[in-house]
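Trainee: Quick one, what's the 3D model for this:
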Amino acid sequence: MLSQEEHQNNKAFDALKELGEKAAERGEYTEALTALEQAMIMAVDAHNFQEAINVLGHHLHIYKALYQKTGNSAYMELFFSDTQTGLHLTKEYGIQGQPKSVMQLRAGDYFLFKEQYEKAAEYYYEAHEELNKTRKEAPETEAEYLGHWGNAEVKSGKVADGIAKLEQALKTVKNNRNLRDFHHDVIQSGILLRLAEGYNTIGQLDKTLLFMKEAEQLVTRLATQHKMPNRKTQWEELKNKLGI
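Mentor: Alright, predicted model coming up:
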């Protein structure tokens, strides 16, 4: 049983991590980094390296967002450097399962950025296989990983396989109503955008428009109700890219 101090520390850690996640979604990156770095220090001080690596995964997401905001590719090189640090820590401390899979997922993101789609798909595959190695993770996490993997497969030319994974991811997240509203909308909208792009690749305009319409409702809610505009920006950029 946890002591009162340990329980309080865990609550403080969870609060900092959530604060960082929400600030990042709002585009308030300085606030997000401050909260996440405090959470990381708490985890390391407690010798909880699994949580430290999980927080590092959120930290890396901010590097990616900063690259998208500024176009400065140095952020992505910092991003990749930290993924390697995270993978080293998993090896050093014998950490398996979700913490390791987060780092593999982010390494896949880096190679997606580099347009090395087959290598990205390999990392996403490894991340998906690692995810449930030590325990069964939440359905929304499974959906996120399938979404990344499916997207890379579409871009590498394995369009049918990729779309199948994206459809599976969408079904998984739609059936999960245990999520906070903003979290559900973030995950589902991301999958919908990838499906729209995937179906556009094979010329199925009806499905492309359908998924873009579904995504529009979610990204608008994120922007207006939750003050999280990033997904709406992504939706607008994809709409322009697809010319619809």
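
Trainee: Relative to the whole chain's centre, how far out is the helix-or-strand element of the chain with minimal mean pLDDT?
Mentor: In the chain, no helix or strand scores lower on mean pLDDT, DSSP states H and E than helix 4-25, which sits at a mean of 80. Distance of helix 4-25 from its chain centroid, counting by Cα atoms, centre = their mean, to the nearest Å, is 19 Å.

Trainee: quick one: buried residues of stretch 150-170?
Mentor: By 16 or more other Cβ atoms under 10 Å, the buried positions in stretch 150-170 come out as 150-156, 158-159, 162-163, 165-166, 169-170. All C-beta spots, glycine's among them, are computed from the backbone N, C-alpha and C.

Trainee: An error on my part: the question was meant for stretch 136-149.
Mentor: By 16+ other Cβ under 10 Å, the buried positions in stretch 136-149 come out as 137, 139-149.

Trainee: want to throw those residues into CSV with secondary structure, distance to residue 232 and pLDDT?
Mentor: Below are these laid out as CSV (DSSP: H, G, I helix; E, B strand; the rest coil; distance: Cβ to Cβ, whole Å; pLDDT from 0 to 100):
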residue, secondary structure, distance to residue 232, pLDDT
137, coil, 28, 88
139, helix, 25, 89
140, helix, 21, 89
141, helix, 24, 91
142, helix, 26, 92
143, helix, 21, 94
144, helix, 19, 94
145, helix, 24, 96
146, helix, 23, 97
147, helix, 18, 97
148, helix, 21, 97
149, helix, 25, 98
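
Trainee: Taking the centroid of this protein, which residue is nearest it?
Mentor: residue 144 (6.5 Å; Cα atoms, centre = their mean).

Trainee: now for the least confident helix or strand of the chain, which elements pack on it?
Mentor: In terms of contacts (3 or more Cβ pairs under 8 Å, 6 or more residues apart in numbering; DSSP states H and E), helix 4-25 is packed against helix 29-45, helix 49-70, helix 181-201.

Trainee: by how many degrees do that helix and helix 181-201 diverge?
Mentor: Computed with axes from the mean of the first three to the mean of the last three Cα atoms, to 10 degrees, the direction of helix 4-25 lies at 40 degrees from that of helix 181-201.

Trainee: Can you pick out the ones from the buried residues of stretch 150-170 that are in strands?
Mentor: Per DSSP state E, strands hold no members of these.

Trainee: Quick one: the helices and strands packed on helix 4-25 as JSON lines, columns for mean pLDDT and mean neighbour count too.
Mentor: As requested, the helices and strands packed on helix 4-25 are arranged in JSON lines below (pLDDT from 0 to 100; neighbours: other Cβ atoms under 10 Å):
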{"stretch": "helix 29-45", "mean pLDDT": "92", "mean neighbour count": "18"}
{"stretch": "helix 49-70", "mean pLDDT": "88", "mean neighbour count": "20"}
{"stretch": "helix 181-201", "mean pLDDT": "94", "mean neighbour count": "22"}
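
Trainee: Rebuild those as CSV, extending it with distance to residue 87.
Mentor: Conversion of the helices and strands packed on helix 4-25 to CSV gives the following (distance: least, Cβ to Cβ, whole Å):
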stretch, distance to residue 87
helix 29-45, 16
helix 49-70, 9
helix 181-201, 24
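
Trainee: How is the protein divided into domains?
Mentor: 1-133, 138-244 (automatic domain parsing).

Trainee: ok now stretch 112-129, how far from the chain's centre?
Mentor: 14 Å.

Trainee: tell me which residues of that stretch are tucked away?
Mentor: Quick answer for stretch 112-129 (16+ other Cβ under 10 Å): 112-113, 116-117, 119-128.

Trainee: one step back: which one of the buried residues of stretch 136-149 sits closest to residue 181?
Mentor: If you rank the buried residues of stretch 136-149 by distance to residue 181 using Cβ to Cβ, residue 140 comes first, at 12.6 Å.
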